[in-house]
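Student: Predicted model and sequence follow; I will ask about them next.
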Amino acid sequence: MAITKPYKRTVRQLADGSYQNSGNGQYIRHAEHAQSPQHYLRAFQIVQKDLIELFDYIEPADANLLCYSHRILELHARCCFEIEANCAAILRENGYARSGDWTMRDYRKINASHRMSSYEVKLPAWSGNQDTFKPFQNWSGHEQLPWYQAYNRVKHSRHAHFTDANLGNLVEAACALAAIFSAQFINEDGLPDHLVAESSRSDGFDFASGHYFLIKFPNDWPMEERYDFDWQTLKTEPEPFQAYTYPAGGSWNFGRPSARD
């Protein structure tokens, strides 16, 4: 049986396989879908703008993936900070509660609700073959995220691990931010859909919010886990959304964790 009421801050395939067919994707614009979505969108758009500006000085290319610098480190850290903020918002607004500071052991629980490990993100105007990323792929095996672990290493020992502040890790973190935002709001950014040119879409990719990154949404949701409702009717109900129930505590054991795991 499909899901007849959307979860808060949670995008899923609809029963027909699409994400927005016949206006049923408009639940993302409802006031109860998310608290202060513009706050998170604004932060994402600033990160995207700064990444594009960085590409004025470092060509987005396979040949430069190992290039590292303080500017890259700064932007990499901001991407990870925003990813943590979005993950925390998803958990919090769905009623997740655990005492103490939350870490990636908590945040990766959203893979069950959002299927993050299936998201693919592509960068435009890239020189080479490594322009497409699945930044949360390791979550499918309950494993750590290399780009996030690189951020942790540099944060805790910059002298020893400064080379981890490289373009490859930054780009993957930026793609992860685009994916986590899209997993909550599809490609909502206040721009009319007609501004998205069909010629800019390829191989199942579509623009993410901000119309820079290209994203491929998961198409492997089991039928019983897809949304199946008429939003025009559902939105008139007193409580058109429900909370996703996450298991409490950390349950994934995959080796010795880092300081933030």
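Tutor: Sure, I can see it.

Student: May I ask you to confirm that Ser127 is in contact with Leu65?
Tutor: No: with contact defined as C-beta atoms under 8 Å, Ser127 does not count as touching Leu65 (10.9 Å). All C-beta atoms are positioned from the backbone trio N, CA, C, and that covers glycine.

Student: ok, those two, which is more surrounded?
Tutor: Neighbour count, other C-beta atoms under 10 Å: between Ser127 and Leu65, Leu65 has more, with 17 against 12.

Student: Please name the residues that touch that one.
Tutor: Going by C-beta atoms under 8 Å, 6 or more residues apart in numbering, Leu65 touches Gln130, Asn166, Leu167, Gly168, Val171.

Student: I'd like to know how far the third one sits from Ala173.
Tutor: When C-beta to C-beta, to the nearest Å is the yardstick, Leu167 and Ala173 sit 11 Å from each other.

Student: These two: which is more packed in?
Tutor: Neighbour count, other C-beta under 10 Å: between Leu167 and Ala173, Ala173 has more, with 28 against 23.

Student: Excluding chain neighbours, what is closest to that one?
Tutor: Cys79 (3.9 Å; C-beta to C-beta, 6 or more residues apart in numbering).

Student: and the one you found, how many neighbours does it have?
Tutor: Cys79, neighbours per other C-beta under 10 Å, totals 29.

Student: Within the helices and strands, which one has it?
Tutor: helix 70-93 (DSSP states H and E).

Student: average pLDDT for that helix?
Tutor: Average pLDDT, helix 70-93: 98.

Student: Burial check on Asn187, number of neighbours?
Tutor: With other C-beta under 10 Å as criterion, Asn187 counts 24.

Student: pretty sure it is touching Phe205, no?
Tutor: No: assessed by C-beta under 8 Å, Asn187 is found out of contact with Phe205, at 11.0 Å.
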